[in-house]
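S.K.: give me coordinates for this.
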Amino acid sequence: MIKISESVRYVGVNDHQIDLFEGLYAVENGMSYNSYVILDEKVAIFDTVDAAFKTEWLNNLEKTLGGRQPDYLIVQHMEPDHSANILSLVEAYPHVKIVSSSKSFAMMKNYFGDDFAEKQIIVGEGDTLDLGKHKLTFVAAPMVHWPEVIVTYEQTENILFSADAFGKFGALDREEDWACEARRYYFGIVGKYGVQVQNLLKKLSALEVKTICPLHGPVLKENLAYYLGLYNVWSSYGVETDGVMIAYTSVYGNTKKAVELLEKELKAQGCERVVVTDLARTDRSEAVEDAFRYGKLVLATTTYNGEIFPFMRDFIHDLTERNFQNRTVGFIENGSWAPMATKVMRGALEKCKNLQYTQATVKLLSALSEESREQIRELAKELCQK
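M.R.: Presented below is the predicted three-dimensional model:
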């Protein structure tokens, strides 16, 4: 098992059987379900793992405990990839107490038909638990990203057990850049709840944190300012990278030609970072990630059944569902006889906060013309000046 410190051990598992996390997000490098143990005068386990890994997890736990009996199971989050084996642990270690929020115990009743009333230790904001040398303080983190969530601060070694915060896609036995898959994880799963994440970050700013132990992804020990800084940018809907994302759909290739011309013009005007995404052929979570990463977004699509092409409609819904805001947005529309795409797209974004729309817009009547080419040049110029 992974040794985080003399007293803190990792007992989680890697999942390479999974193809879609939560039935939605492609995870080519698998997924980790993290669980931790503090070995002190009292023994505390932090969270369980997905049901499919019951035996592996219990074996990991048994080896780490070395014959000791756990005193506490701390349940920070009730999503089944972390809570599925609560009953299995109780059956294996009947004397264990369960430490969690009141809302978690109500959820346990729903999942297991039992709220473990005789084992309950209900904790909330600021409550503490003494393990001996290690002192735990509980911090409420509602809607990061479920209502029952608590995170736990261990004040002796300055460890934050952060539940789903600071998590990422990917198993721990695969090497990959943290930010890319953490960003996709954040905006896919947590992104709607930026205000709540900001509230948690404010609480954490009062604590000295030297190690972060999330429920997905690697334990973070070094350069924590980098990870905290990214979470602050993401949860405040700030711009992480200066650049332009062009998201498009194209039926017969003419809208694609307009996008390719815009990309060329943007680079000629000095926009160094331009990302082009074909929404019909790109993982939607990757597209959402880029829309929130860059400061400028161009939406290009065709009028379709008096509306917009389905892939674009779904993409815009993904953005608005996650509180897309604080961006500059431009439009390219195509229509053979009654172009409606810009009107529909702008209407779909009307509830978003702090969007600035470019004055230049591009209208294609079936194919590129000299007029639409000039509109593209004007759009590129405006985007590179902003």
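S.K.: where in this protein is pLDDT low?
M.R.: The model of the chain has pLDDT under 70 over residues 1, 386.
S.K.: residues near G295, how many?
M.R.: A count of nearby residues for G295, using other CB atoms under 10 Å, gives 18. Backbone N, C-alpha and C define where each C-beta goes, glycine included.
S.K.: go ahead and confirm it touches M245.
M.R.: No: between G295 and M245 there is no contact under CB atoms under 8 Å: 9.1 Å.
S.K.: a helix runs through L200, doesn't it?
M.R.: Yes: the assignment for L200 (DSSP: H, G, I helix; E, B strand; the rest coil) places it in a helix.
S.K.: now do the contacts for it.
M.R.: V139, A141, V144, V151, A165 (CB atoms under 8 Å, 6 or more residues apart in numbering).
S.K.: next, format those residues as CSV and append distance to N254 and secondary structure.
M.R.: CSV is the format used below for the contacts of L200 (distance: CB to CB, whole Å; DSSP: H, G, I helix; E, B strand; the rest coil):
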residue, distance to N254, secondary structure
V139, 54, strand
A141, 48, coil
V144, 44, coil
V151, 51, strand
A165, 44, coil
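S.K.: most surrounded residue in those residues?
M.R.: Neighbour counts for the contacts of L200 (other CB under 10 Å) peak at A141, which has 28 neighbours.
S.K.: phi, psi for it please.
M.R.: When read as degrees, to the nearest 10, the backbone of A141 gives phi -130, psi 60.
S.K.: V344: what's it in contact with?
M.R.: Residues in contact with V344 (CB under 8 Å, 6+ apart) are T303, E307, I308.
S.K.: so it: helix, strand or coil?
M.R.: Three-state assignment for V344 (three-state DSSP): helix.
S.K.: give me the most central residue, this structure.
M.R.: Among the residues of the chain, the smallest C-alpha distance to the mean C-alpha position (CA atoms, centre = their mean) belongs to Y186, namely 1.5 Å.
S.K.: identify the residue nearest that one in space, chain neighbours excluded?
M.R.: Nearest in space to Y186, with sequence neighbours left out and distances taken as CB to CB, 6 or more residues apart in numbering, is W234 at 5.3 Å.
S.K.: V90 versus V244, what's the distance?
M.R.: 53 Å (CB to CB, to the nearest Å).
S.K.: give me the more crowded residue out of those two.
M.R.: A side-by-side neighbour count of V244 and V90, using other CB under 10 Å, places V244 first with 25 against 18.
S.K.: which residue packs closest to the more buried one, ignoring adjacent ones?
M.R.: Leaving aside its sequence neighbours, V244 sits nearest to K296 (CB to CB, 6+ apart; 4.4 Å).
S.K.: show me what contacts that neighbour?
M.R.: Contacts of K296 (CB under 8 Å, 6+ apart): G243, V244, M245, R327, T328, V329, G330, L383, K386.
S.K.: beta partners for it?
M.R.: The partner list for K296 in beta bridges (DSSP bridges) reads V244, T328.
S.K.: how near is it to T303?
M.R.: Plainly put, K296 is 23 Å away from T303 if you go by CB to CB.
S.K.: still on that earlier bit, from what I can see the residue nearest to Y186 touches E240, true?
M.R.: Yes: if you go by CB under 8 Å, W234 and E240 touch, sitting 7.3 Å apart.
S.K.: so what sits against both of these two?
M.R.: R183, F292.
S.K.: ok, these two, which is more surrounded?
M.R.: Looking at W234 and E240 with other CB under 10 Å, you find the greater number of neighbours at W234, namely 21 against 15.
S.K.: helix/strand/coil for that one?
M.R.: Assigned by three-state DSSP, the conformation of W234 is helix.
S.K.: for K203, same thing?
M.R.: Here K203 takes the helix state, with states given by three-state DSSP.
S.K.: my read: it touches V139, true?
M.R.: Yes: contact criterion CB under 8 Å: K203 and V139 qualify, at 5.5 Å.
S.K.: thinking again about what came up before, save the contacts of K296 as CSV, and put in distance to Y193 too.
M.R.: Compiled in CSV, the contacts of K296 are given as follows (distance: CB to CB, whole Å):
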residue, distance to Y193
G243, 25
V244, 27
M245, 23
R327, 19
T328, 24
V329, 23
G330, 28
L383, 30
K386, 29
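S.K.: what separates S285 from L61, distance-wise?
M.R.: When distances are taken as CB to CB, S285 and L61 turn out to be 32 Å apart.
S.K.: ignore the last one, I376
M.R.: Shown here: I376 relative to L61, a distance of 60 Å by CB to CB.
S.K.: quick one: residues contacting F21.
M.R.: Taking CB under 8 Å, 6+ apart as the definition of contact, the neighbours of F21 are V27, M31, F169.
S.K.: can you check I246 too?
M.R.: With contact set as CB under 8 Å, 6+ apart, I246 has these partners: V259, L262, E263, V274, V275, V276, T277, L297, V298, A300.
S.K.: swap in V99?
M.R.: V99 makes contacts with A44, Y72, L73, I74, V75, I121, V123, L129, as judged by CB under 8 Å, 6+ apart.
S.K.: can you turn the buried part of the residues you listed into a PyMOL selection?
M.R.: Of the contacts of V99, the buried ones can be selected in PyMOL as follows, counting by 16 or more other CB atoms under 10 Å:
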select buried, resi 44+72+73+74+75+123+129
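S.K.: tell me the one of the contacts of V99 nearest G229?
M.R.: Within the set of these, I74 lies nearest G229; the separation is 27.7 Å, counting by CB to CB.
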